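Visitor: Sequence plus the predicted model coming up.
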Amino acid sequence: FLDGSDVVVMKAGYTAKDNLVDGGKRAVQDIVSATLQENLTTNIIGIVDSDYREFEQTRTELPPHILCTDKRDLEMSLWSVTDVREALVNYLSTSPTMPERRLTLPKLDKTLEICRYMGTIHVSNVWHGIHLQYEFKNSHYWAYRENHFLDDTAWKANLFNFYCSECSSMDNPITFTCDMMEATIAQFSLMTRDISEFGRGHDFLKILSSVMIQTDTYSEDKLTIFMIDACTKEFFS
């Protein structure tokens, strides 16, 4: 399919009012929908992030010709590929010139643990029908001056309390509780579930970038591009 002379694969997006180029599910769906409506061709598909569609009480139907990533999103789909994951870990554990800044197994484990906790909150947000828009901050889990993770009690409390505060600040305030989160964990077996199915790639790479300290060299975008480059056509197939 990819080798076909009549096949074009492209990243879909648009230029926003601030002149920043952005992608997103809406851009992909609009392009596919317009192409079909104008009868340009029926040989078109759009691939979008699965997001948390699987965890909705009433699952959103996909528009015609739209497919979802196997995992939660592009980044976590790439991370789930063994060769890509090993390539990224090897790169980050050898690339920095200062040994103390290299990725170690404990650092990676903590990154995944925090991403899992964030993912649990994201799933709860959808499963309980809250659908709040929010973004966790690096300072919730990372001490910038000392360049290390906050202790477990602190970062968990920071993330949970931040989400609770955002819920209580909605136009129709909602009180989010530990019981609601525990119910989500039990409903979807999130303690043992593959993190790539509900961990958010944006969270994972943002944490990983902080861990590497040199956030310009190891930015979220650059880490994504590294994984894309490490995913050969054979692995993709």
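Guide: Arrived safely, thanks for sending. Just so we're clear, the structure is a prediction, and the values are computed from it rather than from any experiment.

Visitor: the strands in this protein, which residues?
Guide: Here the chain has its strands, by DSSP state E, at 14-15, 21-22, 46-48, 66-68, 142-143, 148-149.

Visitor: Low-confidence stretches in the protein?
Guide: 1 (pLDDT under 70).

Visitor: where along it do the helices fall?
Guide: 25-37, 74-79, 82-94, 105-127, 152-168, 178-188, 201-211, 220-230, 233-236 (DSSP state H).

Visitor: I'd like the distance from the fifth one to the chain centre, please.
Guide: Think helix 152-168. 19 Å (CA atoms, centre = their mean, to the nearest Å).

Visitor: again with stretch 125-143
Guide: Using CA atoms, centre = their mean, the offset of stretch 125-143 from its chain centre is 12 Å.

Visitor: With stretch 7-25 instead?
Guide: Distance, centroid of stretch 7-25 to centroid of chain: 18 Å (CA atoms, centre = their mean).

Visitor: Which of the strands of the chain sits closest to His202?
Guide: For the strands of the chain, proximity to His202 was assessed by CB to CB; strand 21-22 is nearest, at 13.3 Å. Where C-beta positions appear, they are placed from N, C-alpha and C, glycine not excepted.

Visitor: Was I right to think Thr104 contacts Pro96?
Guide: No - the criterion here is CB atoms under 8 Å, and Thr104 misses it with Pro96 at 11.1 Å.

Visitor: Excluding covalently adjacent residues, which one is nearest to Leu205?
Guide: Glu220 (4.3 Å; CB to CB, 6 or more residues apart in numbering).

Visitor: same check, this time on Cys164
Guide: Phe176 (4.9 Å).

Visitor: ok, back up a step: nearest to Val9, out of the helices of the chain?
Guide: Among the helices of the chain, helix 233-236 sits nearest to Val9 (CB to CB), with 10.5 Å.

Visitor: Buried ones in the closest one, by neighbour count?
Guide: For helix 233-236, the neighbour count (16 or more other CB atoms under 10 Å) marks no residue as buried.

Visitor: Alright, I will stop here.
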